[in-house]
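Student: Have a look; sequence and predicted model below, questions after that.
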Amino acid sequence: MPYQNLQSLAGVNHGQIEIQNIVSSSPRKYACHCKRCKTEFNMTHAALRQRLDSNTPIPCPNDNCRLPRAAQQAREKQYFQDLKQKERAANEAAEDRRLREKYGVRSEPPAPPKPSLEQLDSQFQRTASELARAEKQRIQSGLPDPEFVPDPRYDNAKMTNSEASEFNDRQCQIFMDRNPDWQAYQTSANVDILLDYIWNQGVRIISAESYARAFRRLLQYNLLQPIEPEIEAEPEPMPSMEHEGYPAPTRRPQLIDGWDLQTGEPRKYTPYELDRLPAETLRRVLRIPTAPIVRPRNT
Ligand SMILES: [Zn+2]
């Protein structure tokens with residue numbers, strides 16, 4: 001075997017793949033890193049050597065990475081266009097059916113009345129919520145979220161696996177300290193959802209900012225289950241007539257029902273979140289109607 005076949009491959013770059021440190025000695029395996037999608041994987045020395053010698057690309061195990069970026073974006077765009085098209089066709093068909101029923105079958109139905117602003121608005125709302133539902137489904141099925149942008153300060157950061165996992169843990173703590181909202185969601189199930197979501201975005205070095213962005217995105221789509229507000233154990237019943245028939249006071253209700261402005265679906269808000277909203281947004285979130293101003297009249 002020629003000498004070069006045994007030489008360490010650590011540090012070699014081949015296309016989008018960077019060969020890193022040796023992770024096992026027999027068979028000799030290396031940690032590899034895809035620079036395009038940041039996926040980490042291991043490959044044997046022999047397999048890598050063969051790719052290098054024949055000058056063929058080292059395949060990235062991430063299926064989504066194999067699509068060139070432009071093709072992936074085109075596919076996403078097409079998906080949403082198709083959805084809008086279907087929505088339009090369905091609306092037209094429904095309108096057509098309505099007219100046929102109203103006027104009997106005619107070769108040329110009378111021109112439909114022009115839609116009012118209100119109708120247009122509700123149609124727009126429906127399309128928007130249809131799109132939001134599609135995006136929610138994408139996220140739930142583990143596809144990359146085109147709207148998610150991780151903290152750009154770490155776009156080109158490089159760390160070993162153990163450095164990254166230490167960094168991620170530290171940053172996660174910072175995220176939790178800085179985002180009191182998270183308290184209402186801090187369960188192991190939600191932690192898994194958050195980490196899976198970030199993983200699906202191909203992000204491996206996770207700053208506090210990236211955690212926060214992912215958290216906001218999941219909140220937006222109602223994908224986290226808030227902790228049920230705790231109800232304090234009822235105190236021992238007092239043998240007093242005064243308390244009979246009165247319910248024991250329950251502990252502060254932690255979450256407030258409201259509406260998500262993006263998706264139009266109901267969702268719960270923490271008092272902290274509501275506190276930070278501008279008055280107009282708060283009104284819309286809680287669907288408080290604007291009262292006409294009534295001035296007292298002089299008599
Ligand atoms: Zn890749």
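Tutor: Noted; the coordinates are in hand.

Student: Quick one: mean pLDDT over stretch 30-38.
Tutor: Average pLDDT, stretch 30-38: 93.

Student: Same check on stretch 203-222?
Tutor: The average pLDDT for stretch 203-222 rounds to 94.

Student: got the buried residues for it?
Tutor: For stretch 203-222, the neighbour count (16 or more other Cβ atoms under 10 Å) marks 203-215, 217-222 as buried. Every C-beta, even on glycine, is put in place using the N, C-alpha and C of the backbone.

Student: Over to stretch 144-153?
Tutor: 144-145, 148, 150-151.

Student: Same list (those residues) but as CSV, adding distance to residue 17 and secondary structure.
Tutor: As requested, the buried residues of stretch 144-153 are exported to CSV (distance: Cβ to Cβ, whole Å; DSSP: H, G, I helix; E, B strand; the rest coil):
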residue, distance to residue 17, secondary structure
144, 20, coil
145, 25, coil
148, 24, coil
150, 21, coil
151, 24, coil
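
Student: Out of these, the closest to the ion would be?
Tutor: Checking the buried residues of stretch 144-153 against the ion with Cβ to the ion, the nearest one is residue 144 at 11.8 Å.

Student: Might you report the residue contacts of the closest one?
Tutor: By Cβ atoms under 8 Å, 6 or more residues apart in numbering, the contact set of residue 144 is 64, 200-202.

Student: Then residue 287?
Tutor: Residues in contact with residue 287 (Cβ under 8 Å, 6+ apart) are 258-259.

Student: Quick check: the gap between it and residue 17.
Tutor: Between residue 287 and residue 17 the computed distance is 52 Å (Cβ to Cβ, to the nearest Å).

Student: repeat for residue 62
Tutor: For residue 62, the distance to residue 17 - Cβ to Cβ - is 11 Å.

Student: list the residues that contact both of those two?
Tutor: With Cβ under 8 Å, 6+ apart, residue 62 and residue 17 have common neighbours residue 34.

Student: more neighbours, the two?
Tutor: Set residue 62 next to residue 17 and count neighbours by other Cβ atoms under 10 Å: residue 17 wins out with 22 against 15.

Student: Verify the stated contact: that one with residue 33.
Tutor: Yes: the criterion here is Cβ atoms under 8 Å, and residue 17 meets it with residue 33 at 7.1 Å.

Student: first vs last residue of stretch 45-62, how far apart are they?
Tutor: Terminal residues of stretch 45-62 lie 20 Å apart, using Cα to Cα, to the nearest Å.

Student: does the ion sit close to that stretch?
Tutor: Yes: applying Cβ under 5 Å from the ion, one finds stretch 45-62 touching the ion at 60, 62.

Student: How far off centre is that stretch?
Tutor: 34 Å (Cα atoms, centre = their mean, to the nearest Å).

Student: Enumerate the residues of this protein near the ion.
Tutor: 34, 36-37, 39, 60, 62, 65.

Student: Wait, residue 64 touches residue 36, no?
Tutor: No: look at residue 64 against residue 36 with Cβ under 8 Å: they stay out of range, at 10.1 Å.

Student: Neighbours of residue 156, how many?
Tutor: When neighbours are counted by other Cβ under 10 Å, residue 156 registers 8.
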